[in-house]
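Undergrad: generate a structure from the sequence data that follows.
(2 chains)
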2 protein chains.
Amino acid sequence: MDLYGCKGNVNDAEFLVGVLEKAAKKMGSTVVKTIWHKFSPTGTTVILILAETHISIHTWPEYKYAALDIFVCSEDIDPEEGWKVVKFALEPTSFKVHRLVRNVK
Amino acid sequence: MDLYGCKGNVNDAEFLVGVLEKAAKKMGSTVVKTIWHKFSPTGTTVILILAETHISIHTWPEYKYAALDIFVCSEDIDPEEGWKVVKFALEPTSFKVHRLVRNVK
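TA: Next up, the predicted model:
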């Protein structure tokens, strides 16, 4: 997902970690590890390894832009549920959703 | 990228970390943080936060399958260079490449 015109503070790493962890929980997925990095002077990356693949967000606060990936490998996990949480928290004025189906064989 | 029929050991976390770090270096990108997780009984995830976004790999050794993402945000970084390194190391018998252009505005 590409999020444009975010009203949520996309330069606040602690906030973004909370948002992604909430998204993971809402999807019913299990967070295995969380890492984040705050770039200087601006920009934040947060990545969650899930038992069911990953969620990542990279932000460019100077553009109020965030690039979100929700990659899940279980049919029991609905990425739309996680996307709703992030959309609600970051309040983009517009967004693009790209869907990609990947098969193990 | 979806890698099928990998001859490289896609259940070896140390090997995969080495491959991705080499790929990052070959692209001319800077690794900020590396995390990995080995699932039980099988499957490995490795994620590198780059100064220029991220590289991730998730593997399903039982299918000899790996899902690789190379996400870069600098025009000076060529993801194809990183992909060549991973392809050479994991030796897939076939693969699919999905290209996605994302814009900050």
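
Undergrad: which residues of chain A lie near chain B?
TA: Neighbours of chain B within chain A, by Cβ under 8 Å from any Cβ of the partner chain: A:2, A:4, A:32-33, A:35, A:37, A:39, A:45, A:47, A:49, A:51, A:53-54, A:56, A:58, A:60, A:63, A:65, A:67, A:69, A:71, A:73, A:96, A:98, A:100, A:102-105. Bear in mind the C-beta positions are built from the backbone N, C-alpha and C, glycine included.

Undergrad: next step: those restricted to strands.
TA: Mapping the residues of chain A next to chain B onto strands (DSSP state E) picks out A:2, A:4, A:32-33, A:35, A:37, A:45, A:47, A:49, A:53-54, A:56, A:58, A:60, A:65, A:67, A:69, A:71, A:96.

Undergrad: pull out the buried residues from the residues you listed.
TA: With burial judged by 16 or more other Cβ atoms under 10 Å in any protein chain shown, the buried subset of these is A:2, A:4, A:32, A:35, A:37, A:45, A:47, A:49, A:53-54, A:56, A:58, A:60, A:65, A:67, A:69, A:71.

Undergrad: wait, residue A:4 touches residue A:87, no?
TA: No: counting by Cβ atoms under 8 Å, residue A:4 stays clear of residue A:87, with 11.8 Å between them.

Undergrad: any residues in contact with both of those two?
TA: Residues touching both residue A:4 and residue A:87 (Cβ atoms under 8 Å, 6 or more residues apart in numbering or on different chains) are residue A:95.

Undergrad: tell me the contacts of the nearest residue to residue A:89 once chain neighbours are set aside?
TA: Leaving aside its sequence neighbours, residue A:89 sits nearest to residue A:19 (Cβ to Cβ, 6 or more residues apart in numbering or on different chains; 4.4 Å). By Cβ under 8 Å, 6+ apart, residue A:19 lies in contact with A:8, A:85-86, A:89-90.

Undergrad: same check on residue A:84?
TA: residue A:26.

Undergrad: before we move on, which element is it in?
TA: helix A:79-90 (DSSP states H and E).

Undergrad: and the angle from that helix to strand A:53-60?
TA: 30 degrees (axes from the mean of the first three to the mean of the last three Cα atoms, to 10 degrees).

Undergrad: can you give me phi and psi for residue A:23?
TA: When read as degrees, to the nearest 10, the backbone of residue A:23 gives phi -60, psi -40.
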